[in-house]
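# quick one, fold the following:
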Amino acid sequence: MFLIEQKEIYLFARIEKEHFFYRARRELVRYWLKLLFPDSGQKPIVIDAGVGTGILLQEIEDISSSVIGCDLFFDPKISKEYSRMVKANATALPFPEHFSDATIALDLLEHLENDFLGLKELKRITKPGGYLIVNVPSFSFLFSDWDQAVGHKRRYNKKQLKALTEAIGLEIVFMRYVNSLPFLPIFLYRQMRFRVGLGKGERLEDKLPSHWLNQLLLKAFIAQGKKGSISLPFGVSLFAVLKKPEN
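Numbers count the residues shown, from 1 in each chain. So this is what the prediction gives:
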C-alpha cells in the first residue's frame, strides 16, 4: 500500500492522543457518525482503513455495532486495539461487497500509488446508501520533507478530490477545507525550511503545541468540519463525507 518510515509511526503514537490535528479528526468522525446514524438502536458497522495505532477504534466503539481497523503496519507495542486490527492492503481489503455502513479513510488516499483504485475499493465494501468519511492533505505547494517522511504521494485541492469522487460514482454530502487557522504559518514555515535547506532534523509537525494554542487549533478545526460551517478557500487539510448511491 505505501511505505512509511517506522520512526514516524512512533512519533504519531507519542503525540496523537493530545495533538489537535489527530484529536480533531477523531472528533469529526464521532460527530458525523452520530449525525448520519442517529438511531442508537441500529448502530453502524464501521471500517477504519489506514487505522494506524487504532486509537480511533476505541473512541467510536460506543457508537458502532462493530468496528474493525485495517493497516499494513502493526506493532503490538503501540497498536492500541491490536485484536480488532487486520493487516491489509487498501486496494484489496478482506471484506465482502456491501459490508460496512461507514468506511473511514483519514489521511490514507495520499499514500496510495493509485488513489482511484483505493477509493473504488472503499466504495466496494460500503453498503449502498452507506457513507465514506475522508480526510486528505491539501494543496501541492504545501508538499514538504514531512510529506515525504510519512509516505505521501500527493496533496489535493477541492477540484481534484471532487473529480476523483465523481469518477468513482460517489455523492458528495460535505466537503470543506479544514485546519485553516495555521495555513499561512505552515506555508511560510515550509517555504523557509525548503529555501534554507532544512530538510532534516526536528520538525514543527512532530511537536505538541502549547496547551492554549492546541485548544484553539482544535476548536477551529472541528468547527470547520461540521455541517453548516463556513466554506473557506484554503486549509491544510480537506475533509469530506461521501455517500454510496442506493442503486
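# how far does stretch 107-125 sit from its chain's centre?
12 Å (CA atoms, centre = their mean, to the nearest Å).
# in the protein, which residue is most central in space?
residue 106 (1.5 Å; CA atoms, centre = their mean).
# quick one: mean pLDDT over stretch 171-187.
Regarding stretch 171-187, the rounded mean pLDDT is 96.
# quick one: buried residues of that stretch?
The neighbour-count check on stretch 171-187 (16 or more other CB atoms under 10 Å) flags 173-183, 186-187 as buried. Where you see a C-beta, it was placed from the backbone N, CA and C, and this is true even at glycine.
# restricted to helices, list those.
183, 186-187 (DSSP state H).
# tell me which of the residues you listed is nearest to residue 130?
Nearest to residue 130 among those, counting by CB to CB, is residue 183 at 31.8 Å.
# buried stuff in the single longest strand found in the chain?
If you go by DSSP state E, the chain has its longest strand at strand 126-137. Under the neighbour-count criterion of 16+ other CB under 10 Å, strand 126-137 has 126-127, 130-137 buried.
# can you show me the strands along this protein?
Using DSSP E, strands in the chain cover 45-49, 66-71, 85-87, 100-106, 126-137, 171-178, 237-243.
# export these to TSV and tack on distance to residue 24?
Shown next, in TSV, are these (distance: least, CB to CB, whole Å):
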stretch	distance to residue 24
strand 45-49	16
strand 66-71	19
strand 85-87	22
strand 100-106	10
strand 126-137	9
strand 171-178	8
strand 237-243	9
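# right, and these - which one's nearest residue 59?
For the strands of the chain, proximity to residue 59 was assessed by CB to CB; strand 66-71 is nearest, at 9.6 Å.
# adjacent strands (with direction) for the longest strand of the chain?
Sheet pairing of strand 126-137 (DSSP bridges) gives strand 100-106 (parallel), strand 237-243 (antiparallel).
# and of these, who's closest to residue 159?
Between the strands paired with strand 126-137, strand 237-243 lies closest to residue 159; by CB to CB that is 10.5 Å.
# which residues does the closest one contact?
21, 28, 32, 36, 107, 129-138, 156-158, 161, 165, 170-179, 224-225 (CB atoms under 8 Å, 6 or more residues apart in numbering).
# before we move on, what about stretch 169-178?
So stretch 169-178 is in contact with 24, 32, 119, 123, 131-132, 135, 138, 158, 161-162, 165-166, 221, 224-225, 227, 229, 231-245, going by CB under 8 Å, 6+ apart.
# just checking, what's the longest helix in this protein?
helix 20-36.
# for that one, give the mean pLDDT please.
97.
# now the angle from it to strand 126-137?
Calculated by axes from the mean of the first three to the mean of the last three CA atoms, to 10 degrees, helix 20-36 forms an angle of 150 degrees with strand 126-137.
# what about the protein, any weak spots by pLDDT?
Low-confidence segments of the chain, defined by pLDDT under 70: 1-11, 74-83, 193-205.
# kindly export stretch 133-146 (C-alpha atoms) in PDB.
The C-alpha atoms that make up stretch 133-146 are tabulated as PDB, following Å, rounded to 0.1, in the frame of the first residue of the first chain:
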ATOM      1  CA  ILE A 133     -15.600   9.800   5.800                       C
ATOM      2  CA  VAL A 134     -12.300  11.000   4.200                       C
ATOM      3  CA  ASN A 135      -9.600  13.400   5.200                       C
ATOM      4  CA  VAL A 136      -6.600  14.300   2.900                       C
ATOM      5  CA  PRO A 137      -3.800  16.800   3.000                       C
ATOM      6  CA  SER A 138      -4.400  19.800   0.700                       C
ATOM      7  CA  PHE A 139      -2.500  21.900  -1.800                       C
ATOM      8  CA  SER A 140       0.600  20.600  -3.600                       C
ATOM      9  CA  PHE A 141       2.500  23.800  -2.800                       C
ATOM     10  CA  LEU A 142       2.500  22.700   0.900                       C
ATOM     11  CA  PHE A 143       4.300  19.400   0.000                       C
ATOM     12  CA  SER A 144       7.400  19.200   2.200                       C
ATOM     13  CA  ASP A 145      10.000  16.800   3.700                       C
ATOM     14  CA  TRP A 146       7.400  15.900   6.300                       C
END
